[in-house]
Each structure stands twice: as structure tokens, then as C-alpha cells.
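[1] Mind folding the following:
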Amino acid sequence: MARIIVALVCLWAAAASAQIADDPVMLTQAGDRALEGVGAPQDDATAFDFYRRAAELGHAPAQFKLGVLHAAGRGTPQSDAAAADWYRKAVAQNYIPAMANLGVMYMEGRGVTRDPVLARLLLSRAAEAGDKRARDYLITHAEAP
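    Okay, here's the model as predicted:
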């Protein structure tokens, strides 16, 4: 009886593993758990791997989170250019938090060529969609280009 239970648990684990491999939402949630240390020790590299797999499946929230990890150098070497690349992919899907982050990068010239006009466009779109950080950034950086 114990062997049957062990076999069933192994089959369930294998099925769950196969399901998560194809589901970008589940992969992103697994990345969140790894990043926050929920259910296992906190691990930036594991979070990065889960987010990368989901991002490669076109999941905008995971693309955004990969950008955040690249910008901070968590789970991967720090790279503003790589962060901007992932933010652009999420922005292409109208993912608002990525618009805000990419707008700040264009305003400050981090990982991209400084472009205050594009920065204000991205930040304005994010602010209009309700992103408080974008709105606050526009208010505090109201000087002319």
C-alpha cells in the first residue's frame, strides 16, 4: 500500500511539474514564491529562472519582473540595458508598470539613450492608467527637457 501511495505522489508531482512548465501564470507565481521565500528559502536565481521561462512564453508580468531583476542585479548580473529590453517587451503588451519603469529609464538615460520626450509619453500613459509612481515621477520631474 505504501508503494502505491508513493507512486501516486510521484505521478502527481510529475504531472504538476509538466503543467507548470507550459503555464506562464503558474511559472510567474512560482517565481514570486521563490523571490519572496514562500514555501522554500528565498532564492533570486530560482525566481529569475521561473520569470525567464514565463517571459519567453510572452507573459508581460514576467517580462516586467525580469526587467526589475536585471535592473537590481538580483539572480543575474545587473544590466540596465537588459532591463530596458524586457520592459519594452512588456510595454508592447500595454503592461502599465513596465511603461512607468521604462519611462524613468528614458528620462534618466539608464540602459537607453536619454529621451525626455519618449520618457514623458510613457510616464503620461502609465499615469493616465492609474500608475501612482509614474504620476509622482512626472510631478517631481516637471522641468523642461
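[2] Excluding chain neighbours, what is closest to the residue most central in space within the chain?
    Nearest to the mean C-alpha position of the chain, by C-alpha atoms, centre = their mean, lies K65 at 1.3 Å. Distances taken as C-beta to C-beta, 6 or more residues apart in numbering place Y51 nearest to K65, at 4.8 Å, with adjacent residues excluded. For every residue, glycine as well, the C-beta is placed using N, CA and C.
[3] same thing with Q93?
    Computed as C-beta to C-beta, 6+ apart, the closest residue to Q93 that is not its neighbour in sequence is A60, at 4.1 Å.
[4] Poorly predicted segments of the protein, please.
    The model of the chain has pLDDT under 70 over residues 1-20, 143-145.
[5] so where do the helices sit in it?
    2-22, 24-36, 44-56, 60-72, 80-91, 96-108, 116-128, 132-140 (DSSP state H).
[6] quick one: contacts for the nearest residue to L121 once chain neighbours are set aside?
    Leaving out its chain neighbours, the residue that sits closest to L121 by C-beta to C-beta, 6+ apart is G103, at 7.6 Å. Shown in contact with G103 (C-beta atoms under 8 Å, 6 or more residues apart in numbering): 118-123, 126, 134, 137.
[7] No further queries at this time; thank you.
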